[in-house]
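> Give me a 3D structure for the following:
(4 chains)
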There are 2 protein chains.
Amino acid sequence: MTYRIPSLNGLKAFEAAARHLSFKAAAAELGVTAGAVSQQVKRLEMSLGISLFRRLPQGLLLTREGAAYLPDVSRAFDALTDATEAVAPALNGRKLSLGVDPLVADRLPNGWPRHSKELEPYVRETRVTDDVELIWSNELDALLLAAKTRHGSLSERAICLNGIAAALYFVTRPGLAECRQSRAIIESLES
Amino acid sequence: MTYRIPSLNGLKAFEAAARHLSFKAAAAELGVTAGAVSQQVKRLEMSLGISLFRRLPQGLLLTREGAAYLPDVSRAFDALTDATEAVAPALNGRKLSLGVDPLVADRLPNGWPRHSKELEPYVRETRVTDDVELIWSNELDALLLAAKTRHGSLSERAICLNGIAAALYFVTRPGLAECRQSRAIIESLES
DNA sequence: ACGTGAGACTTAGAAAATCTCGGTCTACTG
DNA sequence: CAGTAGACCGAGATTTTCTAAGTCTCACGT
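Coordinates of the predicted model:
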């Protein structure tokens, strides 16, 4: 099973340039320079062996092939975006589910985090557990543990309570290690 | 208009690994090493903020999220492949359409290329014209011209007849410059 | 219990793809 | 006839991706 798919960056550049009929405008949208878009599109055309645009001095025009390609590409992008958004909502505004090791649950600041106003936007639920597997299965986003894990590929951050190193570790999937939610939880603990 | 799409290489690695439930097998299919697939998938998981696989020492298992993501990704890949194949059939086995400058049409080897057996698999049609625009509009794949073009971004190759430089140039879109079809046409002329 | 093999992981360094920047060209515009 | 806008090119820098070599865990057979 093998697919014939051109470079995604090339397709993105094509799609944006075709919508704007301008490399410059497309570049602004994509956050790169116009030269980069020009090169991407050229590479794409080379890999396909056809021309997608007619370059006129006053701007771009789609060729027949380019015009035929564009809607299909856009639809595929939509489908990928929807699927991605469905399986992994953008981190912005997402609330984490947090597990707390039974060994640390009683050592925490009183009522933490249930009654912490500042954490409310970042934590969806809290559960008492020390099962690292729950992270790998995406049932939990992060864990507060009393001991270092041995699962090397998890991200682990030691916490200081009142400025003193405590046997307390914030453990997440690497993908969540540096997000705002994680930072907020850690700060709330250390302050 | 902006899409949220993870890296295409990451998605390809995920798709192949999910089908085989093995990074090693996926790597073989993709023609890279297993380490590369592992890294691609990890990057993808980080960018999404979720885990797609459970790594067991004896192999892979899809997480619930991974299993949900896979069919959507496959469908999108199918759609892109179909669209690409429709607009630009793979170069393998494709025949080029060739334009011949009226100024050179009579100087060519007798009957060329109509009665050339060796060119038959590579040339679909021949037309007498010197209009470079036909290349940009994909109506022609290549041109035999009597003079250099001034369209810098076209690929241009000087032809020698009987070992002597002639006023004869093979002009194509860059994407077709080095394909077998082009080489065959040039060789047939120079021999 | 102890090798052995398979499969995944990590890391450093190499290789490739991509971006930026500066300069050029062409066609519009006042 | 400048001046401007948009696209192109090439060189060099930067970022991404790949490879290679070594480690770890588990299953299996002796």
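
> and the biggest strand by length in chain A, what does it pack onto?
In chain A, assigned by DSSP state E, the strand with the most residues is strand A:164-172. Counting contacts by 3 or more CB pairs under 8 Å, 6 or more residues apart in numbering or on different chains; DSSP states H and E, the secondary-structure elements packed against strand A:164-172 are strand A:142-145, strand A:155-161, helix A:180-190. All C-beta atoms are positioned from the backbone trio N, CA, C, and that covers glycine.

> got the buried residues for it?
Buried residues in strand A:164-172, counted by 16 or more other CB atoms under 10 Å in any protein chain shown: A:168, A:169, A:170, A:171, A:172.

> So for DNA strand D, which of the helices and strands packed on strand A:164-172 sits nearest?
Smallest distance to DNA strand D across these (CB to the nearest atom of the strand): 15.9 Å, for strand A:155-161.

> Can you give me the buried ones in the closest one?
Neighbour-count burial for strand A:155-161, counted by 16+ other CB under 10 Å, picks out A:155, A:159.

> near DNA strand C, which residues of chain A?
For chain A, the residues in contact with DNA strand C (CB under 7 Å from any atom of the strand) are A:7, A:9-10, A:27, A:31-33, A:35-36, A:39-40, A:43, A:57-58, A:152-153.

> Quick check: can you list the domain ranges of chain A?
A:8-87, A:96-190 (automatic domain parsing).

> going on from the longest helix seen in chain A, what's the next piece of helix or strand?
With DSSP state H applied, the helix covering the greatest number of residues in chain A is identified as helix A:64-87. Remark: after helix A:64-87, the chain's next helix or strand is strand A:96-100, criterion DSSP states H and E.

> and that next one, which strands flank it?
Note on strand A:96-100: by DSSP bridges, its sheet partners are strand A:123-128 (parallel), strand A:142-145 (parallel).

> Now mean pLDDT and distance to residue B:145 too, for those, in CSV please.
Putting the strands paired with strand A:96-100 into CSV (pLDDT from 0 to 100; distance: least, CB to CB, whole Å) gives the following:
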stretch, mean pLDDT, distance to residue B:145
strand A:123-128, 88, 68
strand A:142-145, 87, 66
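
> and among those, the most buried is which?
Mean neighbour count, computed with mean count of other CB atoms under 10 Å in any protein chain shown, is highest for strand A:142-145 among the strands paired with strand A:96-100, reaching a mean of 24.

> Remind me what the longest helix of chain A packs against, helices and strands.
helix A:8-20, helix B:64-87.

> from memory residue A:172 sits against residue A:136, does it?
No: distance between residue A:172 and residue A:136: 11.1 Å, which falls outside the contact criterion (CB atoms under 8 Å).

> returning to that earlier point: of all the residues of chain A next to DNA strand C, which comes closest to chain B?
Using CB to the nearest CB, the shortest approach to chain B within the residues of chain A next to DNA strand C belongs to residue A:7, at 6.9 Å.

> list the contacts for the closest one?
With CB atoms under 8 Å, 6 or more residues apart in numbering or on different chains as the criterion, the residues that contact residue A:7 are A:40, A:43, A:44, A:47, B:8.

> Let me know how buried the closest residue to the second one other than its chain neighbours is, in neighbour terms.
In space, and not counting its chain neighbours, residue A:43 is closest to residue A:10: 5.5 Å by CB to CB, 6 or more residues apart in numbering or on different chains. The criterion is other CB atoms under 10 Å in any protein chain shown. On that basis, residue A:10 has 22 neighbouring residues.

> Quick check on the residue in chain A sticking out farthest from the centre: phi, psi?
The outermost residue of chain A relative to its centre, with distances by CA atoms, centre = their mean, is residue A:57 at 38.8 Å. In this entry, residue A:57 is assigned phi and psi values of phi -60, psi -30 (degrees, to the nearest 10).

> so what's it scoring on pLDDT?
Residue A:57 is assigned a predicted lDDT (pLDDT) of 71.

> now it: how far from residue B:127?
With distances defined as CB to CB, to the nearest Å, the gap from residue A:57 to residue B:127 amounts to 27 Å.

> and what of residue A:106?
From residue A:106 over to residue B:127 the distance is 86 Å, taken as CB to CB.

> ok, now residue A:93?
Residue A:93 is 59 Å from residue B:127, by CB to CB.

> In PDB, list the C-alpha atoms belonging to stretch A:84-102.
Included here for stretch A:84-102 are C-alpha records, laid out as PDB according to Å, rounded to 0.1, in the frame of the first residue of the first chain:
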ATOM      1  CA  THR A  84      -7.200  16.200  13.500                       C
ATOM      2  CA  GLU A  85      -9.400  18.500  15.400                       C
ATOM      3  CA  ALA A  86     -11.700  15.600  16.300                       C
ATOM      4  CA  VAL A  87      -9.000  13.300  17.600                       C
ATOM      5  CA  ALA A  88      -6.800  16.100  19.200                       C
ATOM      6  CA  PRO A  89      -8.500  19.400  19.900                       C
ATOM      7  CA  ALA A  90      -6.100  22.300  19.600                       C
ATOM      8  CA  LEU A  91      -4.300  22.700  22.900                       C
ATOM      9  CA  ASN A  92      -5.500  26.300  23.200                       C
ATOM     10  CA  GLY A  93      -8.300  26.300  25.700                       C
ATOM     11  CA  ARG A  94      -8.200  22.600  26.400                       C
ATOM     12  CA  LYS A  95      -8.400  21.400  30.000                       C
ATOM     13  CA  LEU A  96      -6.100  18.700  31.300                       C
ATOM     14  CA  SER A  97      -7.100  15.800  33.400                       C
ATOM     15  CA  LEU A  98      -4.800  15.300  36.300                       C
ATOM     16  CA  GLY A  99      -3.900  12.300  38.400                       C
ATOM     17  CA  VAL A 100      -2.600  12.700  41.900                       C
ATOM     18  CA  ASP A 101      -0.500  10.000  43.600                       C
ATOM     19  CA  PRO A 102      -2.300   8.800  46.700                       C
END
